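Student: Sequence first, then the predicted structure:
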Amino acid sequence: MNDTFLHKGKRKILVEYLREKIGISDERVLKAINEVPRHFFLESIFEDFAYEDRAFPILAKQTISHPSTVAEQTELLELNEKEKVLEIGTGSGYQTAVLIAMNAWVYTVERQKDLHDFAQKKLLQIHLRPKFQSFGDGFAGLPTFAPFDKILVTCGAEILPTELLKQLKIGGKMVIPMGKTDEQILYRFTKISENEFEKEEYGAYKFVPMLGKTNL
Ligand code: SAH
């Protein structure tokens, strides 16, 4: 992969845009976005636009999220070093790479086999290794590795995946878009006790749907 001065320069401009126009203030998030070559996770025809705040098609009719959405979701996680993070919807692997660049221990799940394989290859090539990468249905989470400090869902859920809340540590946070297919609201759940959660709302977004089962 070629990460040229031009790419690096465009990334710096993107980071300034995220800071000034989107209001991202967690410097660790901005640093990670500055480090991870997003163009590497896109089809080459989109390479020139990789540092614009746009979503693009990836394999299996899915989309890589806008950089602003990646930044906002990541900021809401309030990540500390070496926290265990469960990501549902590996997709291209870009968001996974951002989390790893922030020194999170990432466990990621993807239901589309093509994307699982694609992300695995890409992450290996840039030496950003998740702790565990699973091809499976994210509704089930990863019970063997639970509990997690943080959970990030990158697809829109019509119903609350309660299994994921069970796999959260007390004090842990889950960031998840929820709603019908045309629009979702981004929520953050904080686990207060085994059965109590605080729920905060962070505006409207459009994500690809969270679907059950796997697709080979
Ligand atoms: N974070 C990704 C965004 C991918 S879009 C990126 O940076 O590229 C969301 C992804 O969630 C899609 O790849 C979709 O296949 C996946 N997905 C949808 N439902 C899922 C489920 N139940 N379990 C795991 N992955 C799921």
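Tutor: Alright, I've got the coordinates. Keep in mind that this is a model prediction, so the values were computed, not measured.

Student: Spit out the contact partners of L79.
Tutor: R28, V85, L99, M102, A104, K150 (C-beta atoms under 8 Å, 6 or more residues apart in numbering). C-beta coordinates here come from the backbone N, C-alpha and C atoms, glycine included.

Student: right, I mislabeled it, should have said P161
Tutor: I88, G138, F139, G141, V153, I176, M210.

Student: Ok, L164 next?
Tutor: L164 touches L86, I88, G138, F139, G141, I151, V153, M174, I176, counting by C-beta under 8 Å, 6+ apart.

Student: Please repeat the previous calculation with a cut-off of 10 Å.
Tutor: Residues in contact with L164 (C-beta atoms under 10 Å, 6 or more residues apart in numbering) are 86, 88, 138-142, 146, 148, 151, 153, 157, 174, 176, 189.

Student: Keep these, but drop any that are not near the ligand.
Tutor: Among the contacts of L164, the residues within reach of the ligand (C-beta under 6 Å from any ligand atom) are I88, G138, F139.

Student: In strands, which of those fall?
Tutor: I88 (DSSP state E).

Student: can you put the ones next to the ligand among the contacts of L164 in JSON lines and add distance to Y202?
Tutor: Listed next are the ones next to the ligand among the contacts of L164 as JSON lines, based on distance: C-beta to C-beta, whole Å:
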{"residue": "I88", "distance to Y202": "17"}
{"residue": "G138", "distance to Y202": "20"}
{"residue": "F139", "distance to Y202": "22"}
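
Student: Which one of the ones next to the ligand among the contacts of L164 is nearest to N195?
Tutor: N195 has its nearest neighbour among the ones next to the ligand among the contacts of L164 in F139, at 19.8 Å by C-beta to C-beta.

Student: Quick one: residues contacting that closest one.
Tutor: With C-beta under 10 Å, 6+ apart, F139 has these contacts: 88, 109, 111, 157, 159, 161-164, 210-213.

Student: before we move on, what about T69?
Tutor: I22, D53, A55, Q95, T154, P177, L186, Y205, K206, F207.

Student: measure it to Y17 for me?
Tutor: 13 Å (C-beta to C-beta, to the nearest Å).

Student: Common neighbours of the two, please.
Tutor: Shared contacts of T69 and Y17, counting by C-beta under 10 Å, 6+ apart, come down to D53.

Student: ok, the residue nearest the centre of the chain - contacts?
Tutor: Of all residues in the chain, the one closest to the mean position by C-alpha atoms, centre = their mean is Q95, 4.0 Å from it. By C-beta under 10 Å, 6+ apart, the contact list for Q95 reads 36, 41, 64-65, 69-70, 73-74, 87, 89, 106, 108, 119, 152, 154.

Student: Give me the subset of these lying in helices.
Tutor: Counted as lying in helices by DSSP state H, out of the contacts of Q95, are T69, V70, Q73, T74, A119.

Student: quick one: E16 and Y51 touch, right?
Tutor: No: in this structure, E16 is not within contact of Y51 by C-beta atoms under 10 Å, at 11.1 Å.
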